[in-house]
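J.: below are the sequence and a predicted model; questions follow.
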Amino acid sequence: MTIMETLTHNDSFFESRDHVSHSSNDGDIFTSKLPWEADIAAGIYLLVIGVLSSLGNGYVLYTAITRKKKLRPAEIMTINLAVCDLGISVAGKPFCVVSFLSHGWIFGWTICKAYGWVGFFFGCGSLITLTVVSLDRYLKICHLRYGTWLKRRHAFISLLFIWSYASLWATLPLVGVGDYAPEPFGASCTLNWALAQQSLNGKIFVIAILFFCLLLPTAVIVFSYAKIIGKVKSSAKEIAHFDTRNQKNHTLEIKLTKVAMLICSGFLIAWIPYAVVSVISAFGNPDTVPIPASVIPTLLAKSSAMYNPIIYQVIDYKRPCCRKDNSLQKSNSRIYSIGKSIASDE
């Protein structure tokens, strides 16, 4: 029986349970509202996802440490993504796994808020990193003059911005602007979306979070790749007149862009269902979303940290040059499909 079947097989469960609402005071909000078998299935699922994500992203960081050449700008962004994904897996998932297997959040309010901060901090960091990567791809493909201007120091400036941005928004709920609270199903913690229905300040906070930490970055990503697709289609004939070196460089940039698009797509596909449920909880009628249905987007979002190393591996295995290298060379290059850039980056 799959997790989806476990969560949905009992119709009477949907009829008798509460629905999505952070503000419900009925019973213990830290007690799971799911049946035991669903909690066990979700706990095992997250355990597997956490182990695979930790191994995959740990390998990305290991190859970065053992690499002799200094990292290029795009590679630095790749490493930053791995740090975000590893942070979520190591600092967050163990608490959620234990809580699911214990049929409820067992760590109290302080750890609940800390867990919410960790998830939001690294999740926001991942999305802003992907936004920076999309802008980098946009400049290199659509505005070559500006693209060649980007140097290694600009990557570190971008890192400072990414972590400052994520820290700001993740910390606001800890100082009284917004709040963290248990998820509707009781075994995890996140932003208290129900604040939007409780006060004007709560509504302003939730709208600001949705705009600056979801809609704006997503719009930049979509704009960047839409422009890239248009540029590639319109310049096909022009590329044919390039010399061999420029054609090779352009082809590499296009391949790197495709990888970046895959990573962004995977992240957004994983998080958009969760965002939709959160918006309903904040501005709609929370009772329209059954609790067993609300846990599925949460599990999907928590699996996003596992995608990137898989994408690096799959893309790399398709590259003939890697199959010609020895095993050590392949090991050191495999996870840099998104990061390898032409020499002009420097």
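T.: Received it, and whenever you're ready, just let me know what you need. Residues are numbered from 1 along each chain as shown.
J.: switch to C-alpha atoms for all contacts and neighbour counts from now on
T.: OK.
J.: now do the strands in this protein.
T.: 180-182, 189-191 (DSSP state E).
J.: dump these into TSV; add distance to residue 227 as well.
T.: Shown next, in TSV, are the strands of the chain (distance: least, C-alpha to C-alpha, whole Å):
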stretch	distance to residue 227
strand 180-182	37
strand 189-191	33
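J.: redo these as TSV? Include mean neighbour count, distance to residue 58 and mean pLDDT.
T.: Output for the strands of the chain, formatted as TSV (neighbours: other C-alpha atoms under 10 Å; distance: least, C-alpha to C-alpha, whole Å; pLDDT from 0 to 100):
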stretch	mean neighbour count	distance to residue 58	mean pLDDT
strand 180-182	24	29	95
strand 189-191	23	25	95
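J.: compare the ones you listed and give me the one nearest residue 160.
T.: strand 189-191 (24.1 Å; C-alpha to C-alpha).
J.: which stretches of the stretch 101-250 of the chain have low pLDDT?
T.: Counting by pLDDT under 70, the stretch 101-250 of the chain shows low-confidence ranges at 147-149, 235-250.
J.: for the stretch 1-150 of the chain, just list every one of the helices.
T.: 3-8, 11-16, 36-66, 73-91, 93-101, 108-142, 144-147 (DSSP state H, counting those that start in this stretch).
J.: closest to residue 216 out of those helices?
T.: Proximity to residue 216 (C-alpha to C-alpha) singles out helix 108-142 among these, at 9.4 Å.
J.: need phi/psi at residue 30.
T.: With angles defined as degrees, to the nearest 10, residue 30 sits at phi -90, psi 0.
J.: hang on, it packs against residue 181?
T.: No - taking C-alpha atoms under 8 Å as the definition, residue 30 is not a contact partner of residue 181, at 9.6 Å.
J.: who does the biggest helix by length in the chain touch, helix- and strand-wise?
T.: Taking DSSP state H as the criterion, the chain has its longest helix at helix 244-283. Contacts defined by 3 or more C-alpha pairs under 8 Å, 6 or more residues apart in numbering; DSSP states H and E place helix 244-283 against helix 108-142, helix 291-302, helix 307-317.
J.: relative to residue 46, which of these is closest?
T.: Here helix 291-302 is closest among the helices and strands packed on helix 244-283 (C-alpha to C-alpha), at 7.4 Å.
J.: so which bits of the closest one are buried?
T.: 291, 292, 293, 294, 295, 296, 297, 298, 299, 300, 301, 302 (16 or more other C-alpha atoms under 10 Å).
J.: tabulate these in CSV, adding columns for pLDDT and distance to residue 132.
T.: Output for the buried residues of helix 291-302, formatted as CSV (pLDDT from 0 to 100; distance: C-alpha to C-alpha, whole Å):
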residue, pLDDT, distance to residue 132
291, 86, 35
292, 83, 35
293, 84, 33
294, 87, 30
295, 92, 30
296, 93, 29
297, 93, 26
298, 93, 25
299, 93, 26
300, 93, 24
301, 92, 21
302, 90, 22
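J.: need the contact partners of stretch 169-178.
T.: Applying C-alpha atoms under 8 Å, 6 or more residues apart in numbering, the contact partners of stretch 169-178 are 113, 117-118, 120-121, 179-180, 191-192, 195, 202, 205-206, 209.
J.: again, only using 7 Å
T.: Residues outside stretch 169-178 that contact it (C-alpha atoms under 7 Å, 6 or more residues apart in numbering): 117, 120, 121, 179, 180, 202, 205.
J.: kindly check the end-to-end length of it for me.
T.: Taking C-alpha to C-alpha, to the nearest Å, stretch 169-178 runs 10 Å from one end to the other.
J.: the helices and strands packed on helix 244-283: which one's closest to residue 37?
T.: helix 291-302 (12.0 Å).
J.: show me what that closest one packs onto, helices and strands only.
T.: helix 244-283 (3 or more C-alpha pairs under 7 Å, 6 or more residues apart in numbering; DSSP states H and E).
J.: tell me the angle of the helix it packs on relative to helix 73-91?
T.: Relative orientation of helix 244-283 versus helix 73-91 (axes from the mean of the first three to the mean of the last three C-alpha atoms, to 10 degrees): 30 degrees.
J.: residues of helix 244-283 that come out buried?
T.: 250, 252-254, 256-264, 266-268, 270-271, 273-275, 277-283.
J.: mind putting the helices of the stretch 1-150 of the chain into a markdown table with distance to residue 309 and mean neighbour count?
T.: Converted to a markdown table, the helices of the stretch 1-150 of the chain look like this (distance: least, C-alpha to C-alpha, whole Å; neighbours: other C-alpha atoms under 10 Å):
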| stretch | distance to residue 309 | mean neighbour count |
| --- | --- | --- |
| helix 3-8 | 24 | 17 |
| helix 11-16 | 37 | 12 |
| helix 36-66 | 5 | 19 |
| helix 73-91 | 8 | 22 |
| helix 93-101 | 18 | 21 |
| helix 108-142 | 14 | 22 |
| helix 144-147 | 26 | 13 |
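J.: that concludes my questions; thank you for your assistance.
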